[in-house]
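A.B. asks: all I have is the shape, not the residue letters:
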Ligand SMILES: Nc1nc2c(ncn2[C@@H]2O[C@H](COP(=O)(O)OP(=O)(O)OP(=O)(O)O)[C@@H](O)[C@H]2O)c(=O)[nH]1
Ligand SMILES: [Mg+2]
């Protein structure tokens, strides 16, 4: 790969709904620039970008891939992201490092939910935006309808301006009209062949050229004057267009068919011409890691080095690979950098540029470029690496919180260690994937954005780490408490030849707010239970509280007061008093109106207004209590509700089907509440049955 100065680099994210041809367009770009000699197909698993076995198996992108394309003296660092909603974590890193986004939509379907979602995620990001209307060759493809859907569905702040139009409709598509140069392009194996605009699209081309000229002129007062005087030249249009695209006032629309290799080269051309170089978007916000003081980092190759890690993967041969955007300076192999997040040095040995799974080593990487380094020891995704003499830290990348959890069980006993090693590696690679151990249910819980993401981790555990696992719906971490009070006595006495056992306690059991979990009160007077055995009574009650009498769940919200008892000078012991206390507790609790508690979550759902009724109805059927509804101003509604955990274990899947993928939600643990009697009954029965089977 040649060396490129910062002015010749374009960092471009490919975003859009699944299956709109992002990966196929990358492939066409590589083929048309002769980087590959065969045009791979997603369906056959032969593309450069979708090379991972998970991707070839499913015929879709799952991971973001760096695909550098060398075109017209520029390097286009394409980051091909997955469109499927489970993989939003792959997009969030990319949104932090690109100056340009190409948003794909199909000419057949127009704007779909995947595009809506990523558009929203990109809302506050300073970048240039292009639209690419792909699949022009599909039956019922309708460029103008798709174009209309952009303004209709997306909240676009600038002007959406076609700079190309299709020639020929649907299966008859032949090429494109270039509205800047006012010429036609047909494509010979991907290579554009220039020609005259065909007569049947000329009138439409003139009409859209006029719109383009007006928008381009609108970026500059001098140009607007020329426009009204009828003196605007093609060069003026190019200047105005470049300015509008850079400042975000113009959002150009291009088109093509990746399938027929139409439009990929003209897209590269537009990116090379109009997409901003990495230093065109100004300085980058950062902080001084020791003082917290804000600083601005200049994307200048001559400055000290700084870089943001936006992706981490593991290569079976090379090991850990960290993908970085160089934010300032020039990085050379064999450098020692400072990790501002982990506050330690990191040695960077070789610099690599990956294109799909293949890589080549490079001698340096300048500010603005995207590069991969191997074998960093402590650095993870979202960390900043920098020159020690100028420490900086970039704000962390915000990743989607998990929305769905599953319990994971290794199929063969003894695989637990391999499982935890595998899971730890996957957490490194996927910032939206989490794991924790539920101490109440004693299950290992993996969490992510959706079910497909979790199923893929299961495949990966098997393929990469040789562990086969089952996924199950997590058990709900119920708890137990009491609503009443009682007094209870238990005498534990055993005479077995030699030294016996003697412990005698009288307890008052009472309910306290469950948040306090447990209180022990010593009300002994006159030393009827000696001081040294009082902690034994406390310990005995605590032990009994780990397993409630109703369904074996931990008990909370109990005050135990020891008000009387007796002892034996020889036979009393710590253990005897512990046992006496435990037994007294178990005996007394059934008289204190024990109840089952369940975790309640605060749920916020955001949906377009048209889905509000369905979402609320569904919430009611889940024993949810609506707390409030707020219009968000953009046709979206926020609905807040309290819902039991047991009812929303699969909400990520259910909300998606309820709202055709348009709804999003977030969850926060709220508190434990009583399970209604008719719901509690089967849970208690099931627990009793399980216990019987165990014993
Ligand atoms: N007819 C037609 N099919 C296309 C076109 N572009 C892509 N396809 C097909 O559509 C399917 C999806 O294409 P991809 O390139 O994988 O789409 P993507 O946007 O990368 O999809 P995700 O990675 O899942 O987000 C594949 O079977 C492609 O062959 C096109 O222009 N026309
Ligand atoms: Mg793809």
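C.D. replies: In hand now; what should we look at? Owing to the predicted nature of the structure, the values given are computational and were not obtained by experimental measurement. Numbering: from 1, shown residues only. Ligands and ions are numbered 1, 2, ... in the order given.

A.B. asks: from now on I want contacts and neighbour counts done on CA atoms only, so please keep to that.
C.D. replies: Will do.

A.B. asks: make sure residue 144 is indeed in a helix.
C.D. replies: Yes: under DSSP: H, G, I helix; E, B strand; the rest coil, residue 144 falls within a helix.

A.B. asks: buried stuff in the helix or strand containing residue 536?
C.D. replies: Using DSSP states H and E, residue 536 sits in helix 534-545. Residues of helix 534-545 classed as buried: 534, 536-545 (neighbour count, 16 or more other Cα atoms under 10 Å).

A.B. asks: residue contacts, the nearest residue to residue 664 once chain neighbours are set aside?
C.D. replies: Closest residue to residue 664 apart from its sequence neighbours, by Cα to Cα, 6 or more residues apart in numbering: residue 606 at 5.3 Å. Neighbouring residues of residue 606 by Cα atoms under 8 Å, 6 or more residues apart in numbering: 636-639, 663-665.

A.B. asks: picking up where we left off before, what is the nearest of the buried residues of helix 534-545 to ligand 2?
C.D. replies: residue 545 (52.8 Å; Cα to the ion).

A.B. asks: tell me the secondary structure of residue 377, please.
C.D. replies: With three-state DSSP as the basis, residue 377 sits in coil.

A.B. asks: count the neighbours of it for me.
C.D. replies: For residue 377, the count of nearby residues is 11 (other Cα atoms under 10 Å).

A.B. asks: grab the nearest non-local neighbour of it.
C.D. replies: Using Cα to Cα, 6+ apart, the nearest residue to residue 377 is residue 346, at 7.0 Å.

A.B. asks: by contact count, what packs against the helix or strand hosting the one you found?
C.D. replies: Element membership of residue 346, judged by DSSP H and E, is strand 344-348. Secondary-structure packing of strand 344-348 (3 or more Cα pairs under 8 Å, 6 or more residues apart in numbering; DSSP states H and E): strand 335-339.

A.B. asks: phi, psi of residue 651?
C.D. replies: Per-residue torsions, residue 651: phi -60, psi -30 (degrees, to the nearest 10).

A.B. asks: you'd agree it is up against residue 404?
C.D. replies: Yes: the pair residue 651 and residue 404 qualifies as a contact (Cα atoms under 8 Å) at a distance of 7.5 Å.

A.B. asks: can you report how many residues neighbour residue 239?
C.D. replies: Per other Cα under 10 Å, the neighbour tally for residue 239 reads 17.

A.B. asks: go on, the one 10 residues further on?
C.D. replies: Summarising burial for residue 249: neighbours were counted as other Cα under 10 Å, giving 21.

A.B. asks: what pLDDT is listed against it?
C.D. replies: In this model, residue 249 is scored at 96, pLDDT.

A.B. asks: my read: it touches residue 156, true?
C.D. replies: No: applying Cα under 8 Å, one finds residue 249 not in contact with residue 156, separated by 9.7 Å.

A.B. asks: ok, residue 201 - how many residues close by?
C.D. replies: Residues contacting residue 201 under the criterion other Cα under 10 Å number 15.

A.B. asks: secondary structure element for it?
C.D. replies: helix 199-217.

A.B. asks: what residues of the helix or strand just after that helix count as buried?
C.D. replies: Per DSSP H and E, the first helix or strand lying C-terminal to helix 199-217 is helix 221-228. Using 16+ other Cα under 10 Å as the burial criterion, the residues of helix 221-228 that qualify are 223-224, 227.

A.B. asks: I am finished for the moment; much appreciated.
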